[in-house]
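Q: My questions concern the predicted model and sequence given below.
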Amino acid sequence: MKKVWEWLTGNVIKEVGDVIDKLTTTKKEKLEAQRLITEILEKADKEAQEQVTARWQSDMQSDSFLSKNIRPIVLIYLTVIFTICAFFDGNIGEFSISEEYIPIFQTLLVTVYGAYFVGRTWEKAKSITNKNK
């Protein structure tokens, strides 16, 4: 999840670090500022995950077929459509996947499958932990 967070925030973390370096004078002050910023970012990440979980739980409690199944439907749709486009784009005759599709495939796989399967595992682990309390 940390890699996804870094990817989503871009250079924000690096820029914050640069500001800290400019505003602090001692090594101790820099370390304390970095520790506090890390805590803030981790808290924001945790809250974002909780919001996603709350939305997914709300969807599952709905009586609507679409609300309950939108994530799997989108997952299947994106996978099928993108795969069809990648496999048939310029492949009349000899088969090859264009280089442009490879990083897109990688990003889609990590993002969609990671969010779906890791998120579901996290939800289940959380519900088991809550039951044990």
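A: Yep, it's here. Numbering: from 1, shown residues only.
Q: Need the single longest helix in this structure, by residues.
A: Counting residues, the longest helix in the chain under DSSP state H turns out to be helix 27-61.
Q: From the contact counts, what lies against the next helix or strand after it?
A: For helix 27-61, the following helix or strand on the C-terminal side (DSSP states H and E) is helix 65-88. Packing partners of helix 65-88 (3 or more CB pairs under 8 Å, 6 or more residues apart in numbering; DSSP states H and E): helix 27-61, helix 101-108. Placement of C-beta: from N, CA and C, glycine included.
Q: What is the neighbour count of the closest residue to residue 52 other than its chain neighbours?
A: Nearest-residue entry for residue 52: residue 119, 6.4 Å, with adjacent residues in sequence omitted and distances by CB to CB, 6 or more residues apart in numbering. When neighbours are defined as other CB atoms under 10 Å, residue 119 has 16 of them.
Q: same thing with residue 35?
A: Count around residue 35 with other CB under 10 Å applied: 10.
Q: Check what pLDDT it gets.
A: Turning to residue 35, the model gives it a pLDDT of 83.
Q: One more: residue 5?
A: Per-residue pLDDT puts residue 5 at 52.
Q: Next: residue 61.
A: The confidence metric pLDDT takes the value 82 at residue 61.
Q: Turn the helices and strands packed on helix 65-88 into CSV, columns for distance to residue 76.
A: Shown next, in CSV, are these (distance: least, CB to CB, whole Å):
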stretch, distance to residue 76
helix 27-61, 16
helix 101-108, 13
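Q: nearest to residue 130, of those helices?
A: Among the helices and strands packed on helix 65-88, the nearest to residue 130 by CB to CB is helix 27-61 (11.6 Å).
Q: what packs against that closest one?
A: Using 3+ CB pairs under 8 Å, 6+ apart, helix 27-61 sits against helix 2-9, helix 12-23, helix 65-88, helix 119-132.
Q: give me that answer again for 7 Å
A: Under the contact criterion of 3 or more CB pairs under 7 Å, 6 or more residues apart in numbering; DSSP states H and E, helix 27-61 touches helix 12-23, helix 65-88, helix 119-132.
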